[in-house]
Structure formats: structure tokens, C-alpha cells
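**Q** no sequence for this one, just the structure:
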């Protein structure tokens, strides 16, 4: 019985530590910015309704990105290249893929991705699902009508914060 | 009738006849039945497990509906409290199975509820297999330490489902499918290592002493990898058949049941595989396979399975036919022949394939006759019926398959009927001789 209590303690410790780490990533002191996205609305068995997101940065083309044709990890430089969009919070800049690198550069603004084959070669950032309430109208958002509000955490992982309607 | 049903009936009969007391019959039954994997599970316990399952599914859907007006920390705290409460209650009520079994089922599901909740709160996405593997890893200690086999069974089942789903589909950490692009590429080596670890975990955690079902699941998984566009893909028909027959023999050789009975499912699989070989009579050499090679890993697996099957046949007593040395020798010969038959399909012409089909028919006929004779010797009606079923199925298939015409098929049926009548006469005479020998 004591052993089973140790198992329970280990399970609770895992979820507490993981939750703490995720909270720290969400509230890390890094700038937030917006990405252009194309949503769909399927369902996940364990987490519910979500909007499946593909991004313009999922097929990075700027700088050295065109030379990355293989599978595996890479880093993508995200910066505003002039595109903007109107939201309730005012006009915001859209970040785009400006460059790619195999190893992590020291400069800020680089996000970790993995090149995968999903019908075509795609950069996956771990922000491809946005879970929402099944009655939330954003689940029916049309392609190009929403922006993803994100930030890069201290481990260079993109964190998805919100899905914002364009005006 | 299963072994346990037969044993219970025999013990009750013995008690009714006054050979043993009813108490002795009861104790003998409890002793024999307690060795069974789910012996302690009564009907009410299974209902309890179903209750836990439904509550877990309901909780999962409630979480999935997304309570987005509640803050992240409040939701996480509520989950951790519920987790601790369920697990603690399961332990405190351990001696009350009606409460402990649903609670333990719920405890098994708590990690995946947490993973789903956290993914929802923090908008996590990524490898689709990872949450389920994490669930299995988090629940494995419960499976090992719980005194009931339920959690072990559930974790083992989870691992096998993840293994099949992950390895045979693309875009995940277990995927063994060939990566498509300009040129097909093999998946990374660590995917294979992880898949083997999941397979090993599933087999190890499966409750009970015997390998039957987990080994069957592993054999079927290997066969699916060989058939599909995976790192083990085989394209040449000879190697595919060699692998399938070897895997069927391996499962039959090692897939013993908990109760010591002959393994029914592996036996059926082996018989079906040999039966399928009989249709190679109609084989036409396929010219389109010429230019595409087998994967090296798939060929290695096929040859290892072949070596393993032959070694098992040579070194292990085979469960194909019960009885003495003659039956064991016949069983070994039939199993070895069924595997070696596949070599006819290497660079096969239609003549080779026809030879293989004839041998497959002979194997089935010999197996059927062996079952009837062994059954007559051991007074095992089930075995005799199996032998008759195998011979009848083979004969009927061949009559329609080969002759087609009504006159020839009709004559063949009559000849087979006469052969069965002769066999029945000799079997009966053999039994009488055996009884007389025992009397003397």
C-alpha cells in the first residue's frame, strides 16, 4: 500500500511540475506577436474541440529557408516584414519567417521547429491546435479571418496564447 | 467445454457419487481456479470496472467541453485534488472490491484526463502518440504494484493499441512507415527502438503466466509491418509466405494457455495459413514484382522468424497433437513441412506453386487424420471433431475448386464419404483393441 502511495505521489508531482513549467512558459518575460493562420475545426478525444491551424510560417521561404529540404529540427527567425492587420486592440504587425538556421542562433526572435512531411514538407512549431469551448464562435472562423497571438519562450518554443479575430 | 467448466462438473459429480466430500470438491476447485488471471473477478467486479470506465469517459468529455471561463491554476488544482482523492479512496477501500475496482479504473484514466486538460489549457499540440505513451508510462507503476490484474491488463492493452496505431501510421514518434518524398526513406532507428520497448512493455505487463494473447498480438503486428509500406516491407511473395508461416508456427509453439489446454487461436491461425496455401494451385507468376526489392530489415525479420520456427519445432514439444512420441513426431513433421513449403515460392513457376498446394493439402489431410487417431486414442471427442472438420473443409473446397463439374464433384464426394466410413470403422476397431489391451 505504501508503494502505491509513492506511485500516486510521483504522478501528482509529475503533473504539478509539468503545470508549473507550462505556466512559467506562458508567463515568461518575452514579447507577444501575431501570426497569420488558416483554421479548421476538428475534435480531439481527450482535450475537446480545437481549431487546427496552419501558418504562413509553416512553409518558411525567407533567407536561407529554401535550402532546408530535409526532415528534422531547425530554427526560424520570426520578424515583421511589413504586413499588418486590424484587430480590436488596434493595428498589429504580422510576423513572418525571415530566415532559417540548423543550430540555435544567440539573437532573440528565433523559434524552434521540426520539419515534417504532412502531405508536403512542413515546419511544425507545436502551436498547431487551439482548444476552445464547443460553443465558441471562433471554431467556425474562416481561413484568413483570425490571427494567432504567440510568444517565444526561453527554450525558443512558440507558445500559443490566443486566437484573435481580424476586423 | 473449457477446462475449468469440465473440472467443476467432474468435481461436483465426484462429490455427488460420494468419492470426495462437497467441501473437498469446493477446496479443489478454488485451488485450481485461483491460478487463473482474473479468477478473483466475479460478475459484480466486471460491472464495477465498467462503472469506472464510464465515469472516466464522462469526466473526459466534461473536461473536453472546455471550461474557458475558469482560470488555469484553478482547473489544475481541481484536477490534482480529484486525482489524489480518487487514488487515495481506491487504496483506503481496497478490501471492498465493489468500490475499489471502479476507483482503480478511474485512477488508471486520471493521467490521460490530466494530459488532455493541460493540453487544452496551454494549447499544446505535437506528436499525436506522445500523450498516450506518457499515459502508459505514468500508469505502469500502478499496473505493476496493484494486487488486482485490471490495471496491468488495461496498460498492456493501451500499449498494444498505441503500438499498432503509431507504427502503422505516419508523422509520429513510433511511426515505422516509409517516409515519402522524392525518394522513400526509412524511419529513424530510434523509432524502431521505441516500438520494441512499447512491445516489450505490453508483453511484460500483460497479467497471467502465459504468453498466448500478447504473443499473438506481437505476431499479428509483425505480419502487418511486413505487409505494409514500413521499414519491414516485404514484396517478394516467397519471403512473405515464409515469414507468415514461420510466425504462425512460432505463435503455435509458444502460445500456451493459462489452463494448459491446447491453444485454440494459434491452432486456428496455423490451420488457416496452411489452408490458404492450398489455393496456390491457381498461382500465376507476377512479373510486376521483379524490380522492387524487399527491405533488408524485413528480410532479416523473415529469416529470423524462420530460424526461430525451425528451432522451436526441433527443440520444443509441440501442442499440435496430444499423445505419445508418434503424435509428437507427426506434429513436428507437419509444422516443419508447413514452413519449408514456402521455399517452393522462391522464384516460383506455376509448377512449383502447384507442388506447394498439393503438399499443403497433404499437410491438412495428415493433420486431420492425426487429430482423429489421437482423439480416438485419448477419448477426446473435441479432437476427433476437429480432425473431421479439417478433412471435410479441405475435401469440399478441393472438389469445388478443382473439379467444378457436377459429375466429378459428385463422385469425389462419394469416394470421400466411403473413405470416412472406412476410417470410422478402423478408429472404432483401434479403440476396442486399446480397451482390451488395458483390461488384460
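**A** Nice, I can see it. All figures in this text were calculated on a predicted structure; none of them were measured in a lab.
**Q** helix or strand next in line after the strand or helix carrying residue B:375, which one?
**A** Here residue B:375, judged by DSSP states H and E, is contained in helix B:350-378. Per DSSP H and E, the first helix or strand lying C-terminal to helix B:350-378 is helix B:381-398.
**Q** quick check, central residue of the chain?
**A** Just going to use chain A. residue A:127 (2.7 Å; CA atoms, centre = their mean).
**Q** hmm, no, I was thinking of chain B.
**A** Nearest residue to the geometric centre of chain B (CA atoms, centre = their mean): residue B:216, 2.7 Å.
**Q** chain neighbours aside, what residue packs nearest to that one?
**A** Nearest non-adjacent residue to residue B:216, counting by CB to CB, 6 or more residues apart in numbering or on different chains: residue B:251, 5.6 Å away. (C-beta placed from N, C-alpha, C; glycine too.)
**Q** now the helix or strand harbouring residue B:157: how far from the chain's centre is it?
**A** Using DSSP H and E, the element containing residue B:157 is helix B:150-168. Taking the mean of its C-alpha atoms, helix B:150-168 sits 14 Å from the chain's own mean (CA atoms, centre = their mean, to the nearest Å).
**Q** walk me through the domains of chain A.
**A** Domains of chain A are assigned by automatic domain parsing as A:1-29, A:31-165.
**Q** and among those, the most buried is which?
**A** Among the domains of chain A, domain A:31-165 has the highest mean neighbour count (mean count of other CB atoms under 10 Å in any protein chain shown), at a mean of 17.
**Q** would TSV of the domains of chain A with mean pLDDT and distance to chain B be doable?
**A** Putting the domains of chain A into TSV (pLDDT from 0 to 100; distance: least, CB to the nearest CB, whole Å) gives the following:
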stretch	mean pLDDT	distance to chain B
domain A:1-29	90	4
domain A:31-165	86	3
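**Q** got JSON lines for the ones you listed, with distance to residue B:371 too?
**A** As requested, those are exported to JSON lines (distance: least, CB to CB, whole Å):
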{"stretch": "domain A:1-29", "distance to residue B:371": "48"}
{"stretch": "domain A:31-165", "distance to residue B:371": "46"}
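**Q** identify the residue nearest the residue in the stretch 251-400 of chain B that chain A sits nearest to in space, chain neighbours excluded?
**A** The stretch 251-400 of chain B approaches chain A most closely through residue B:295 (18.6 Å), counting by CB to the nearest CB. Once flanking residues are discounted, residue B:295 sits nearest to residue B:233: 5.1 Å by CB to CB, 6+ apart.
**Q** ditto for residue B:240
**A** residue B:234 (4.9 Å).
**Q** just confirm the one you found is within a helix.
**A** No: counting by DSSP: H, G, I helix; E, B strand; the rest coil, residue B:234 is located in no helix; its state is coil.
**Q** show me what contacts it?
**A** Applying CB atoms under 8 Å, 6 or more residues apart in numbering or on different chains to residue B:234 gives the contacts B:226, B:227, B:240, B:243, B:294, B:295, B:298, B:299, B:302.
**Q** can you rerun that using 6 Å?
**A** B:226, B:240, B:294, B:298 (CB atoms under 6 Å, 6 or more residues apart in numbering or on different chains).
**Q** do I have it right that the first one meets residue B:232?
**A** Yes: assessed by CB atoms under 6 Å, residue B:226 is found in contact with residue B:232 at 5.3 Å.
**Q** quick check: neighbours shared by these two?
**A** residue B:298.
**Q** could you give the number of residues near residue A:30?
**A** By the criterion of other CB atoms under 10 Å in any protein chain shown, residue A:30 has 15 neighbours.
**Q** part of a strand, is it?
**A** No: Residue A:30: not assigned to a strand; according to three-state DSSP it is coil.
**Q** tell me the contacts of residue B:198?
**A** B:159, B:163.
**Q** check the one 4 residues further on too.
**A** The neighbours of residue B:202, taking CB under 6 Å, 6+ apart as the test, are B:156, B:159, B:160.
**Q** what do you get for residue A:114?
**A** A:73, A:124.
**Q** just say helix, strand or coil for it.
**A** Classified using three-state DSSP, residue A:114 is strand.
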